[in-house]
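J.: need coordinates for the below:
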Amino acid sequence: MKKINKIILGFISCFAFGTAANAQQDPQFSQYMFNTMAVNPAYAGSRDVLNVTMLGRTQWTNVENAPRTVTLSADMPFLNEKIGVGGMVYSDNIGVVQNTGISLAYAQRIRLTRAGTLSFGANAGGTFYQANLPSAQTFQQNDVTFSQASNGFKPNLGLGAYYATDKWYMGASMPRVLNNKLAQADKGDARQYRHYFVMAGFVWHINPVVVVKPSFLGKAVAGAPLQADFNFNIWFYDKISFGGSYRTGDAAVAMVELIPAQKWRFGFAYDFTVSGLSNNLTGGAYELMIRHEFAGARSKILSPRYF
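T.: Sure thing, here's the model as predicted:
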């Protein structure tokens, strides 16, 4: 098993480092609907109150040093909800590569109709990138690509647009614009690559008890196949929901969400690996989400916000 783990870890590290083969570099979450600001800065302030969200993911639990990610984010509206501001910090560890990032977001919000708001957003920040490459076990000895460590701060910025009503939303974004150079490789430069996202979702009130919420997240990055998450949740009494997702070429996901009190929200998800790596080998992935919304006297938390 240890030998298999090392092979898988080498596979992960090679993609994370981004030499000749590129893969998705940004942190990945199954509960992306609770971490929208990390994907699209135009989302900042869209929940109309100050809210703080923590989301943690442990991927491939049977594999030593497999991906581990934690994010902490907060956002709120200002000036009668005409602008939104927010911030996020995260830690993302993949094998010998560790990324610690910080980002500040700003969104200009325009009320187009009584029910719909269009937002244009931008974020600025960067990543403290650390790659202890000499400690990696490679498939060939004396691989110059892994001969020395690579460390440094990589500044970046992002752009996005987001439109939402009480019943549906859609958005598009590029949360990382700059292709920062990470290190020199023997067959070219290892770089951060632009990621492109599109998203959409809606809610349908079947009756006073049951609400369904389908959603979609599409992802694209140079050198990797297009990927999409298709999600479907069913709410009961606005207190608990059960749902599932399918991430193309990667995983099927089961999830549950609970609102025990007006200002608190909890979510849990488990990924079943359906790619070439079996779920028994990888152990799947776990996610936990905790959100608190600070409601004041003029709070608009009259009923649960579905997105």
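J.: so after the helix or strand bottoming out on mean pLDDT in the chain, what's the next helix or strand?
T.: Lowest on mean pLDDT, DSSP states H and E among the helices and strands of the chain sits helix 2-17, with a mean of 46. Downstream of helix 2-17, the next assigned helix or strand under DSSP states H and E is helix 36-39.
J.: packing partners for that following helix?
T.: Helix 36-39 sits against strand 68-78, strand 83-94, strand 195-202, with contacts defined as 3 or more CB pairs under 8 Å, 6 or more residues apart in numbering; DSSP states H and E. For every residue, glycine as well, the C-beta is placed using N, CA and C.
J.: helices and strands around the last one, which ones?
T.: This means strand 195-202. Using 3+ CB pairs under 8 Å, 6+ apart as the contact test, the elements touching strand 195-202 are helix 36-39, strand 168-174, strand 210-221.
J.: just the ones you listed: most buried one?
T.: Highest mean neighbour count among these (mean count of other CB atoms under 10 Å): helix 36-39, with a mean of 27.
J.: that one: how far from the chain's middle?
T.: Taking CA atoms, centre = their mean, to the nearest Å, one finds helix 36-39 lying 6 Å from the centre of the chain it belongs to.
J.: just checking, what packs against the next helix or strand after it?
T.: Using DSSP H and E, the helix or strand that follows helix 36-39 towards the C-terminus is strand 50-59. Counting contacts by 3+ CB pairs under 8 Å, 6+ apart, strand 50-59 packs against strand 68-78, strand 285-294.
J.: name every strand pairing with strand 50-59 and say which way it goes.
T.: strand 68-78 (antiparallel), strand 285-294 (antiparallel) (DSSP bridges).
J.: buried sites along the first one?
T.: Right, the one you point to is strand 68-78. Across strand 68-78, burial judged by 16 or more other CB atoms under 10 Å covers 68, 69, 70, 71, 73, 74, 75, 76, 77.
J.: give the contact list for the fifth one.
T.: By CB atoms under 8 Å, 6 or more residues apart in numbering, the contact set of residue 73 is 35, 37, 38, 52, 53, 86, 87, 88, 89.
J.: what separation do you get for residue 222 and residue 85?
T.: In this view, residue 222 and residue 85 are 31 Å apart by CB to CB, to the nearest Å.
J.: compare those two (neighbour count), which wins?
T.: Using other CB atoms under 10 Å, the more surrounded residue of residue 222 and residue 85 is residue 85, with 16 against 12.
J.: count of residues packed around residue 80?
T.: Using other CB under 10 Å as the criterion, the residues surrounding residue 80 number 8.
J.: show the pLDDT at it.
T.: As predicted, residue 80 sits at a pLDDT of 89.
J.: how about residue 34?
T.: We note a pLDDT of 85 for residue 34 in this prediction.
J.: one more: residue 115?
T.: 85.
J.: run a quick neighbour tally on the spatially closest residue to it that is not a sequence neighbour.
T.: Leaving aside its sequence neighbours, residue 115 sits nearest to residue 165 (CB to CB, 6 or more residues apart in numbering; 4.4 Å). Residue 165 has 14 neighbouring residues, counting by other CB under 10 Å.
J.: could you report the distance from residue 165 to residue 81?
T.: In terms of CB to CB, residue 165 sits 14 Å off from residue 81.
J.: for the residue nearest to residue 115, phi and psi?
T.: Backbone torsions for residue 165, taken as degrees, to the nearest 10, come to phi -120, psi -170.
J.: hmm, residue 118 and it touching each other?
T.: No - the criterion here is CB atoms under 8 Å, and residue 165 misses it with residue 118 at 10.4 Å.
J.: among the contacts of residue 73, which one lies nearest to residue 104?
T.: Nearest to residue 104 among the contacts of residue 73, counting by CB to CB, is residue 87 at 5.0 Å.
J.: is it true that the closest one touches residue 123?
T.: No - using CB under 8 Å, residue 87 makes no contact with residue 123, being 9.0 Å away.
J.: compare the two (neighbour count), which wins?
T.: Neighbour totals were compared for residue 87 and residue 123, and residue 123 leads with 27 against 16 (other CB under 10 Å).
J.: tell me the helix or strand right after the helix or strand where that one lies.
T.: Per DSSP H and E: residue 123 is located in strand 117-131. For strand 117-131, the following helix or strand on the C-terminal side (DSSP H and E) is strand 150-164.
J.: where does pLDDT dip in the protein?
T.: Residue ranges of the chain with pLDDT under 70: 1-25, 133-150, 183-189, 278, 296-304.
J.: rerun that using 50 as the cut-off
T.: The model of the chain has pLDDT under 50 over residues 1-23, 186-187, 297, 301-302.
J.: ok, now how distant is residue 230 from residue 204?
T.: In terms of CB to CB, residue 230 sits 16 Å off from residue 204.
J.: thanks again, I'm all set now.
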